[in-house]
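Trainee: here is a sequence with its predicted model. Questions after.
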Amino acid sequence: MATFPKFRNFVGAGVLASAVLLAFACARRPSSGGLLSADAAQRVYVAPGQYDEFYAFMSGGFNGQIGVYGLPSGRRLKTIPVFSQYPENGYGYSEETKPMLNTSYGFIPWDDTHHPALSQTNGEDDGRWLFINANNTPRIARIDLTRFETDEILEIPNAGGNHGSPFMTSNSEYVVSATRFSVPVPNTDVPISSFKKNFRGQISFIRADQPGKMRVEFQMLMPGFNYDLARAGKGKSEGWFFFSMYNTEQANSLLEVNASQHDKDFVAAVNWKAIEGCAKSGKVKNTTASYSHNFTDEFTRQAKSETITSVPQFEAKDCPGAVYFMPTPKSPHGADVDPTGEYIAAGGKLASVIPVHSFTKLLKAIEDKAYEGEIEGIPVLKYEATLAGEVKNPGLGPLHTEFDGKGYAYTSFFISSEVVKWKLGTWEVVDRVPTYYSIGHLMIPGGGTMKPTPKYLVAMNKITKDRYLPTGPELTQSAQLYDITGDKMKLLLDFPTEGEPHYAQAILASKIKDRQVKFYKLADSKAPMVTRSEKETGLSREGKKVHVRMTAIRSHFSPDNIEGVQVGDTVLFHVTNLEQDWDVPHGFAIMGAQNGELLIMPGETRTLSWVPRKPGVYPMYCTDFCSALHQEMQGYVRVSAPGSNVALSGVTSKGPQPAAKAEAASKKKQ
Amino acid sequence: MCAGFVLPLWRVDLVAPQYPEGLGMLIRVNTVVGVKEQDLNSINNLNHYIGMKRIEPDSIPELRYMPAILGVLVVSALGVAAIGKRGVLYAWSVVLAAVLGAGLYDYWKWGYAYGHELDAETAIIKIEGMTYQPPLIGSKQLLNFTATSWPASGGWALVIATVLVGVAIWHSARRASPTAHAG
């Protein structure tokens, strides 16, 4: 009855016939998983002016960004642009930020973000940085969580589709990149049908604990399979990493059939401490490559892009003890390690069980050489030798598992559209709840670390169909929030998300909120074109380039009347926001700009490049409603024909305007 | 009284819908500073809307010689205590009251000047009859800001010192009276 509260009301009113009809109407829509909606509403209600308990960082998928949400309310707080240009704040449009999107393929304005990873200290999310992968043009980005800004992007050489990335080790030593597509290494013009001969997989370990110094520490060449997801070992499995893979059939066409032939694919157990040893003994060689490393300096606030020309690389077989294959049923997606580090749960997309490997048994199997063969010099262990147990009849299409630190695991099932809770050790299913519809990843705050905060579980769904008001052919993506504090999971809330969140991270707000940068100190700015006061503003010409050093403060630009620009010039507006106060950004836009706008934080200098095409007078204005007189924050740029003798000048004049003065003077004469 | 050298004497807080966290100024014996590092700068920037002069501590001469005045008061207080004569104490307390009164009057005068001497030519917001003098003590609504002015820790220390002087006078007066002698 609780699921049909209206039904009960109607019975009470004695209108039975109507009630039957209504019950049918209700039955068409799934109910809220057993909680009375008023209780659920109370659990997710964050009163006006109050804060959420958690920050959630949800990948934007094909929008190339990260969406920041509060939990439990599901309120969207911010979009952090990472791999995509972002018109809202000029990221990827301003001269300072353009270099962030540089790659060995040139400037790329878009990518596909999948798996955010928070930095960790002692196996616990610490809230310093967030990393995320670019799936299409392989890259990893580091976002600083005092500013919620992308600070650094490293391209991954010899990768094709950076999907198995950027999972984090317990002390932020490394994030990883496992290539989804195997590609020729180095990439050359070969027949696609020569896949088995020429295509290689690779797994890269990227140094992650020093801002500005992300680098590929070593890259291990692997058999030409598809690499999917990963998790670092922790606790007793510290020093290891686990990678899932599919297409061990090595198909290069119609993978949905051809890569689903083997009964078992693999989870690779990688001993990165052993690889560090191999690197020290000279088995890792610098190999020619060409890839970009982009970094924003904290004080200049300016991104720089450098090209790196070599990568430390080795063949997996040349570092004995580095890799072992654990056979795992049917194209595993997740390879998820429990908080103790003992269990590795693998979600075989087409498997009828969830196999769980044991780290203790893995070590024993290696010691006993319990091999069933080897592939390209990599030992393949016997399935039973590493298997701790199987969760039987869990559901259809297991994908990804997280843990609550209390002995339970939660696995998402895409095909049967549900979350299944099961017990580590006994492998019994203890609860299941439907998702609406077709869940991909799920997330518990810290659920992939040694210290989960098991209050909520977020399901990220791929299909929403009838869950929201329809919006044409493309519907919103959806997250669902479940309460997991009791024995039974309870659905609390649906909330729409931006882009397509694949995976997410969440962390107690208290670890982040009090460390926020509020503005940039003008006195500390090392921006090359910083203008610290209106006295320092000015114009200068360098051939066809005109530099405008400009300031913005409530509520005017200085200068705001600019003349002497000519068609054919490139005008660089270097705008410094002179405010030294929180939440007072200024914007800058000029008519006909083919680039974008600027959004300039207090104390920051940002540059817009503008190429006027024809003579005339061009309005410019502040785009961020900054003050009561925001609408007055405007000016003009006069553009003259090439070779014009109009002098370059820029003024902001107080008091009666020159023309008005002249008019007044002429009136006096009369 | 020495506390007046290190602790702020007076505090003005400004709260508005746009500034729920508040902006504030501390008046010290030798300078005026923001409660938060950038507060004074922010207050000055906001004041340009009403045509108020920038509050620049360097342009307020009193702040240069106030430490000396306070120093003289402290030294003379020690001197009065050493002499231990009632007449001297009375005289000194009159001087103290005069100095404190003059200080408060001067503070009020600066507040009056800042609040009234508005640059009509550059003021953006002009409201007939509106002035922007913060209160000496208490709260006042100035457009969207609620301005609250109170003695700060150093100011309270001076208040306590003054009360103690009063107590000392009362004591010495009691001792001087015949009944006190008899007691």
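Mentor: Here it is on my side, so go on.

Trainee: so residue B:92 belongs to a strand, correct?
Mentor: No. Under DSSP: H, G, I helix; E, B strand; the rest coil, residue B:92 sits outside any strand and is assigned helix.

Trainee: mind pulling up the pLDDT for the nearest residue to residue A:251 once chain neighbours are set aside?
Mentor: In space, and not counting its chain neighbours, residue A:251 is closest to residue A:258: 3.4 Å by Cβ to Cβ, 6 or more residues apart in numbering or on different chains. (Glycine included, C-beta is placed from N, CA and C.) As predicted, residue A:258 sits at a pLDDT of 89.

Trainee: how close does residue A:258 get to chain B?
Mentor: 62 Å (Cβ to the nearest Cβ, to the nearest Å).

Trainee: that residue: neighbouring residues, count only.
Mentor: By other Cβ atoms under 10 Å in any protein chain shown, the residues close to residue A:258 number 13.

Trainee: ok, now which ones touch the residue in chain B that chain A sits nearest to?
Mentor: The nearest approach of chain B to chain A comes at residue B:38, 4.2 Å away (Cβ to the nearest Cβ). Listed by Cβ atoms under 8 Å, 6 or more residues apart in numbering or on different chains, the contact partners of residue B:38 are A:519, A:580-581.

Trainee: could you look up the SS state of whichever residue of the stretch 51-200 of chain A sits closest to chain B?
Mentor: Nearest residue of the stretch 51-200 of chain A to chain B: residue A:51, at 13.9 Å (Cβ to the nearest Cβ). Of the three states, residue A:51 takes coil according to three-state DSSP.

Trainee: mind listing what the nearest residue to it once chain neighbours are set aside touches?
Mentor: What sits nearest to residue A:51 in space, not counting adjacent residues and going by Cβ to Cβ, 6+ apart, is residue A:509, at 6.1 Å. With contact set as Cβ under 8 Å, 6+ apart, residue A:509 has these partners: A:51-55, A:70.

Trainee: Three-state assignment for whichever residue of chain A sits closest to chain B, please.
Mentor: Ranked by Cβ to the nearest Cβ, the top residue of chain A for proximity to chain B is residue A:580, at 4.2 Å. Secondary structure, three-state DSSP: residue A:580 is coil.

Trainee: can you list the residues of chain A near chain B?
Mentor: Within chain A, the residues that sit near chain B (Cβ under 8 Å from any Cβ of the partner chain) are A:519, A:553-554, A:579-582, A:628-629, A:654-655.

Trainee: so of these, which two are at opposite extremes in space?
Mentor: Using Cβ to Cβ, the two most remote members of the residues of chain A next to chain B are A:582 and A:655, lying 32.0 Å apart.

Trainee: what about these two, which has more around it?
Mentor: Neighbour count, other Cβ under 10 Å: between residue A:582 and residue A:655, residue A:582 has more, with 17 against 9.

Trainee: per-residue pLDDT, the more buried one?
Mentor: If you check residue A:582, the pLDDT there is 93.

Trainee: what does residue A:668 give?
Mentor: 50.

Trainee: then residue A:19?
Mentor: If you check residue A:19, the pLDDT there is 38.

Trainee: and the contacts of residue B:38, which of them are buried?
Mentor: A:519, A:580-581 (16 or more other Cβ atoms under 10 Å in any protein chain shown).

Trainee: what sits against residue A:148?
Mentor: Going by Cβ under 8 Å, 6+ apart, residue A:148 touches A:68, A:78, A:80.

Trainee: who wins on neighbours among those residues?
Mentor: Each of these was scored for neighbours by other Cβ under 10 Å, and residue A:80 scores highest at 25 neighbours.

Trainee: name the nearest residue to it, ignoring sequence neighbours.
Mentor: Using Cβ to Cβ, 6+ apart, the closest residue to residue A:80 is residue A:66 (4.4 Å).

Trainee: ok, that neighbour to residue A:257 distance?
Mentor: 35 Å (Cβ to Cβ, to the nearest Å).

Trainee: more neighbours: which of those two?
Mentor: Higher neighbour count among residue A:66 and residue A:257: residue A:66, with 28 against 10, using other Cβ under 10 Å.

Trainee: residue contacts, that one?
Mentor: With Cβ under 8 Å, 6+ apart, residue A:66 has these contacts: A:57-60, A:79-80, A:82, A:113, A:116, A:130, A:132, A:143.

Trainee: that one: which element?
Mentor: Assessed by DSSP states H and E, residue A:66 sits inside strand A:65-71.

Trainee: pull up the pairing partners for the helix or strand hosting residue A:638, direction included.
Mentor: In this assignment (DSSP H and E), residue A:638 forms part of strand A:634-640. The strands beside strand A:634-640 in its sheet (DSSP bridges) come out as strand A:561-566 (parallel), strand A:616-621 (antiparallel).

Trainee: and that strand, which residues are buried?
Mentor: A:635-640.

Trainee: stretch A:377-397 now?
Mentor: Residues of stretch A:377-397 classed as buried: A:378-381, A:383, A:385-389, A:391, A:394-395, A:397 (neighbour count, 16+ other Cβ under 10 Å).

Trainee: packing partners for the longest strand along chain B?
Mentor: Assignment by DSSP state E gives strand B:19-27 as the longest strand of chain B. Counting contacts by 3 or more Cβ pairs under 8 Å, 6 or more residues apart in numbering or on different chains; DSSP states H and E, strand B:19-27 packs against strand B:10-16, strand B:32-34, helix B:39-47.

Trainee: hmm, 10 Å instead?
Mentor: Using 3 or more Cβ pairs under 10 Å, 6 or more residues apart in numbering or on different chains; DSSP states H and E, the elements in contact with strand B:19-27 are strand B:10-16, strand B:32-34, helix B:39-47, strand B:145-151, helix B:153-176.

Trainee: next, the angle strand B:10-16 makes with it.
Mentor: Counting by axes from the mean of the first three to the mean of the last three Cα atoms, to 10 degrees, strand B:19-27 lies at 160 degrees to strand B:10-16.

Trainee: C-alpha coordinates for strand B:19-27, PDB please?
Mentor: Extracted C-alpha coordinates of strand B:19-27, given in PDB (Å, rounded to 0.1, in the frame of the first residue of the first chain):
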ATOM      1  CA  TYR B  19      27.900  41.500   1.600                       C
ATOM      2  CA  PRO B  20      26.400  39.000   4.000                       C
ATOM      3  CA  GLU B  21      29.800  38.300   5.300                       C
ATOM      4  CA  GLY B  22      30.300  42.000   6.000                       C
ATOM      5  CA  LEU B  23      33.000  44.500   5.300                       C
ATOM      6  CA  GLY B  24      34.700  46.200   8.200                       C
ATOM      7  CA  MET B  25      37.200  48.800   9.300                       C
ATOM      8  CA  LEU B  26      39.400  48.900  12.400                       C
ATOM      9  CA  ILE B  27      40.600  52.200  13.700                       C
END
